[in-house]
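1. Kindly return the folded structure for what I paste below:
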Amino acid sequence: MATFPPYPTHPSGPTEGPAGGALRHAHWWQRNWVRYGALTSLLALSGLVILALVREQTGTEGFLVGLGLAVLPVPLLVTAFRWLDRVEPGPWRNLLFSFAWGACAAALIAIVANSFATRWIATATADPSSADTLGATVIAPVVEESAKAAAVLLIYLFRRRDFTGIVDGVVIAGVTATGFAFTENILYLGTAFGTDQLTGDTGIASVTAATFFVRVVMSPFAHPLFTVLTGIGFGLSALSGERRHVRKVLLPLSGLLLAMGMHALWNGSSAFGEYGFFAVYAAFMVPAFGLLTWLVIWTRQRELRTVRAELPAYAMAGWLAPAEPYALGSMRARRLARGYARRHLGRPAARSVAQYEAYATSLAFLRHRGRLGRAGADFVVREQELLGELWQRRAVARPALDHAARATAPVPVPVPPVIWPPYGQQGYGQTYGPATPYSSYGHHRPAYDPYPAYNPYRS
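-> Model (predicted):
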């Protein structure tokens with residue numbers, strides 16, 4: 001998810017009232033710096049332990065070779081997930097946490113738990129071969145997917161404002177799994193290199209080359225594909241109403257079970273015969289990857305349609321220029337607006353336009369959830385916060401978005417009549433009166449003013 005939050009931060013200082021006083025008297029363990037420090041220390045400690053374990057198993061030279069090869073798919077995967085998240089970009093801190101959790105904490109949990117479970121099964125059954133098979137097909141999928149799902153759960157619970165739908169779940173889950181696969185690939189590639197050092201194999205015939213081809217070239221998306229199913233479950237839960245508690249719990253659990261099942265099928269493909277791996281890859285993994293890719297891209301386009309459908313209400317009220325809903329609902333227009341601001345006013349202006357786009361998108365999604373009865377009790381406060389953030393950046397963003405709309409719209413973009421009652425009141429379905437001119441900018445507002453106490457165009 002971007003260098004800016006999709007929602008404005010709460011104001012601080014004496015204006016906070018009771019909430020601010022409550023924070024000032026909070027226990028020491030409730031303070032943000034304590035929580036962030038504890039989480040950072042946990043991840044750092046996990047990283048040091050996993051580094052020592054992998055280096056012990058692969059050796060220093062094998063670790064460096066594995067690290068150099070395992071890092072190759074990481075930028076491509078992270079870039080792909082960031083591209084999916086461009087409609088409503090979330091903060092970079094969520095992605096950094098997700099990747100660190102997958103690469104450090106989840107990988108450490110998986111190594112320790114898998115090793116312990118496999119040794120226990122081997123001791124109990126006196127059959128090490130069956131223990132390895134059972135560990136790979138049953139234990140590993142359960143442990144690894146649960147460990148990766150913990151990162152999605154933490155952001156879902158503690159960064160709820162950044163987690164509003166399916167795309168957010170996909171991005172968080174995918175980046176977490178990318179970090180996990182990165183550490184796992186270091187281990188496998190480093191071990192393969194050590195084997196080649198003992199046997200003297202080099203080139204294409206080496207174990208390192210075969211491992212690299214299978215894990216990095218053929219299936220870099222394997223772990224992200226599994227965990228994305230968990231992310232979709234959490235995303236659907238985020239879209240559910242506040243009172244649907246059973247659904248909000250069952251959807252993530254269903255996604256997690258699907259992720260475990262797909263992971264188990266992938267790990268157990270070698271048991272299906274000499275060509276079992278390739279059969280599962282061609283008949284199951286590739287179609288599943290294509291289907292999920294289509295689903296996520298379709299969801300991304302649906303988000304853009306939501307932006308175009310919800311923002312005209314604010315254009316009618318005078319908060320947005322008439323052409324802005326169209327420009328904000330087009331990724332090409334957004335890109336042109338940022339480029340226009342950068343060319344004329346520099347990088348700070350481009351960042352301001354990007355922030356304006358993110359806040360406007362969050363505002364559209366908030367209005368959409370409110371219209372469906374899924375918004376929280378702080379709907380009005382959140383709406384005013386987002387409108388305030390847009391108003392602060394209007395001087396830079398509006399000319400850029402207006403230029404982008406003129407450059408991309410096939411015809412002049414009108415502001416359609418809007419059916420928009422106040423949130424939480426009855427009467428949805430009533431069309432409010434015709435727009436009338438009211439400012440030198442040529443903007444319009446409806447006869448009904450939804451913001452009588454806070455209208456920036458009121459004289």
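
2. Give me the pLDDT for residue 9.
-> Residue 9 is assigned a predicted lDDT (pLDDT) of 39.

3. typo on my end, it should be residue 327
-> 92.

4. contacting residues around it?
-> 333, 334, 337, 401, 402, 404, 405, 408 (C-beta atoms under 8 Å, 6 or more residues apart in numbering). In this view, the C-beta of every residue, glycine as well, is placed from N, C-alpha and C.

5. shaky segments in the stretch 301-450 of the chain?
-> 410-450 (pLDDT under 70).

6. Just the strands from it, written as ranges.
-> 436-437, 444-445 (DSSP state E, counting those that start in this stretch).

7. which parts of the host helix or strand of residue 257 are buried?
-> Using DSSP states H and E, residue 257 maps to helix 245-267. By neighbour count with 16 or more other C-beta atoms under 10 Å, helix 245-267 contains the buried residues 248, 251-252, 254-256, 258-260, 262-267.

8. Same check on stretch 337-355?
-> So, applying 16+ other C-beta under 10 Å, buried residues of stretch 337-355: 337, 338, 340, 341, 342, 349, 350, 351, 352, 353, 354, 355.

9. pretty sure residue 121 contacts residue 137?
-> No: judged on C-beta atoms under 8 Å, residue 121 makes no contact with residue 137 at a distance of 11.8 Å.

10. returning to that earlier point: what's the most distant pair in the contacts of residue 327?
-> Spanning the widest gap among these are 334 and 402, at 13.0 Å by C-beta to C-beta.

11. Who has more neighbours out of these two?
-> residue 334 (27 against 17; other C-beta atoms under 10 Å).

12. what's the distance between the more buried one and residue 215?
-> Using C-beta to C-beta, to the nearest Å, residue 334 is found at 36 Å from residue 215.

13. quick one on the thing from earlier: can you tell me which of the buried residues of helix 245-267 lies nearest to residue 160?
-> Nearest to residue 160 among the buried residues of helix 245-267, with distances taken as C-beta to C-beta, is residue 248, at 11.8 Å.

14. Name the nearest residue to that closest one, sequence neighbours excluded.
-> In space, residue 248 comes closest to residue 237 once its chain neighbours are excluded; the distance is 4.5 Å by C-beta to C-beta, 6 or more residues apart in numbering.

15. Show me what the strand or helix carrying the one you found is packed against.
-> Remark: residue 237 resides in helix 222-239, with elements defined by DSSP H and E. In terms of contacts (3 or more C-beta pairs under 8 Å, 6 or more residues apart in numbering; DSSP states H and E), helix 222-239 is packed against helix 140-158, helix 166-199, helix 245-267, helix 286-310.

16. Average pLDDT for it, rounded please.
-> 94.

17. Kindly present the helices and strands packed on helix 222-239 as CSV, with separate columns for distance to residue 374.
-> Output for the helices and strands packed on helix 222-239, formatted as CSV (distance: least, C-beta to C-beta, whole Å):
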stretch, distance to residue 374
helix 140-158, 15
helix 166-199, 14
helix 245-267, 11
helix 286-310, 13
